[in-house]
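Visitor: whatever this is, show me its structure:
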Amino acid sequence: MDRLISMTVFARAVEMGSFSAAGEAMHMSSQLVGKHVQSLEQHLGVRLLNRTTRRHHLTEIGASYYERVKVILAEVESAEGLAAETRAVPRGRVRVNASVTFGVHALAPCLPHYLAANPEVTVDLSLSNGYVDAIDEGFDVVFRIGELADSSLIARALAPYELVLCAAPAYLARHPPLRSPHDLAAHECIGFSHTELRTHWTLEGRGERLTVPVSGRFMANHGEAMLALAKAGLGIMLQPLELVRLELAAGTLVRVLPDHAAPKRPMHILYAPDRRLTPKLRSFIDFAIANFGPEAPTGDAGAGTAAASTSFQTNSFNSTS
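Guide: A predicted model of the protein is given here:
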């Protein structure tokens, strides 16, 4: 006999108090109930129930076995429920947090496709560059850029985040040419406030890694403001590819020092390990991996390279862009 079925029948017989009551509840004869219990006893080599003509009583080993069986059957039920959830239609609200530039220029433009494919899901998107406690603030998922510290969150790797060094053609026409990162010291550089990008930029290329000092008459804590000043010809800026992708394609901005680039930064989507992957959460994570994962197609040949996918536990990261 199937052992799991026999265990189910045994547990029901204990709970109902008799074979006949268990048989009635499970739509089988009391004789078949007895055969299932007997099959378990033969397999275990012990007596589980002491039987009389009217009632049965658990033996000492039978009582211990029953407690274990209840746990096993509960786990089986939970596993089957999880499988059913996986097949279910995603529905409900997904609370998402992301950094401002990534959220506005990369994530938000893709969300209409996700919402169209999941008509019973609503998305509550919160954008911030500061520290976010995903669990305390009730976010289902968070996107974070940069190195991550250990914690209780589960992280899925996305494609690396690329920063682009660029300026308006009009600015470059009025200033000395740039042949190496050291030449940036003689140029107006638009700084990102409250981060190391305000005073120093790190660039890699031609077999070297350099951190060079930069300065300028304007700095801001928001990429959109920096973009406006760069397009107006105020200076050179180092900002995410997502922010300047359209301007590079249109020629209103051009790459500076194309043989050098800022080190790519890791990016992850994070969620709490005790959050069951409900259909809505699973669907959103799958959407994020498909659009921003290591193997996701990019809209720019230089937008990034594939990174090895990893899963590990980590803290939220205080993103700078």
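
Visitor: show me what contacts Ala88?
Guide: Listed by C-beta atoms under 8 Å, 6 or more residues apart in numbering, the contact partners of Ala88 are Pro279. C-beta here means a position set from N, CA and C on the backbone, and glycine is covered the same way.

Visitor: for the stretch 1-150 of the chain, which spans come out with low pLDDT?
Guide: For the stretch 1-150 of the chain, residues meeting the criterion pLDDT under 70 lie at 53-54, 82-87, 150.

Visitor: and the strands in it, which stretches?
Guide: 49-51, 56-58, 92-98, 121-127, 141-145 (DSSP state E, counting those that start in this stretch).

Visitor: relative to Ser215, tell me which of these wins on proximity.
Guide: Proximity of these to Ser215 was assessed by C-beta to C-beta; the nearest stretch is strand 141-145, lying at 24.9 Å.

Visitor: now do that closest one: which elements does it pack against?
Guide: Under the contact criterion of 3 or more C-beta pairs under 8 Å, 6 or more residues apart in numbering; DSSP states H and E, the helices and strands touching strand 141-145 comprise strand 92-98, strand 153-161, strand 265-271, helix 279-292.

Visitor: contacts for the following helix or strand past the second one, please.
Guide: On the C-terminal side of strand 153-161, the closest following helix or strand by DSSP states H and E is strand 163-167. With C-beta under 8 Å, 6+ apart as the test, strand 163-167 has contacts from 201, 203, 230, 233, 235-241, 244, 247-248, 253-257, 260-262, 264-265, 321.

Visitor: please state the offset of the helix or strand just after strand 163-167 from the chain centre?
Guide: Scanning forward in sequence from strand 163-167, with DSSP H and E defining helices and strands, the next element found is helix 169-174. The gap between where helix 169-174 is centred and where its chain is centred comes out at 41 Å by C-alpha atoms, centre = their mean, to the nearest Å.

Visitor: buried residues in helix 169-174?
Guide: Across helix 169-174, burial judged by 16 or more other C-beta atoms under 10 Å covers 171-172.

Visitor: and for stretch 193-203?
Guide: Going by 16+ other C-beta under 10 Å, stretch 193-203 has these buried residues: 195, 197-198, 201-203.

Visitor: how about it as PDB, C-alpha atoms only?
Guide: Once non-C-alpha atoms are left out, stretch 193-203 reads as follows in PDB (Å, rounded to 0.1, in the frame of the first residue of the first chain):
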ATOM      1  CA  SER A 193      26.300  65.700  -4.200                       C
ATOM      2  CA  HIS A 194      26.900  63.700  -0.900                       C
ATOM      3  CA  THR A 195      29.000  61.000  -2.600                       C
ATOM      4  CA  GLU A 196      32.500  60.400  -3.700                       C
ATOM      5  CA  LEU A 197      31.400  61.300  -7.300                       C
ATOM      6  CA  ARG A 198      31.400  64.900  -6.000                       C
ATOM      7  CA  THR A 199      35.200  65.200  -5.900                       C
ATOM      8  CA  HIS A 200      36.700  62.100  -7.400                       C
ATOM      9  CA  TRP A 201      36.000  59.800 -10.300                       C
ATOM     10  CA  THR A 202      37.500  56.300 -10.800                       C
ATOM     11  CA  LEU A 203      38.100  55.200 -14.400                       C
END
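
Visitor: hang on, the earlier thing: just the buried residues of stretch 193-203: which are in helices?
Guide: Counting by DSSP state H, no part of the buried residues of stretch 193-203 is found in helices.

Visitor: so what's the residue count around the closest residue in space to Met26 that isn't next to it in sequence?
Guide: Leaving aside its chain neighbours, Met26 sits nearest to Arg12 (6.0 Å; criterion: C-beta to C-beta, 6 or more residues apart in numbering). By other C-beta atoms under 10 Å, the residues close to Arg12 number 18.

Visitor: so how far is Glu80 from Arg12?
Guide: Distance of Arg12 to Glu80, computed by C-beta to C-beta, to the nearest Å: 17 Å.

Visitor: all helices for the stretch 201-321 of the chain, in order.
Guide: Counting by DSSP state H, counting those that start in this stretch, one finds helices in the stretch 201-321 of the chain at the ranges 223-231, 241-250, 279-292.

Visitor: quick one on the thing from earlier: among the helices and strands packed on strand 141-145, which is nearest Gln42?
Guide: When those are ranked by distance to Gln42, counting by C-beta to C-beta, first place goes to helix 279-292 at 42.6 Å.
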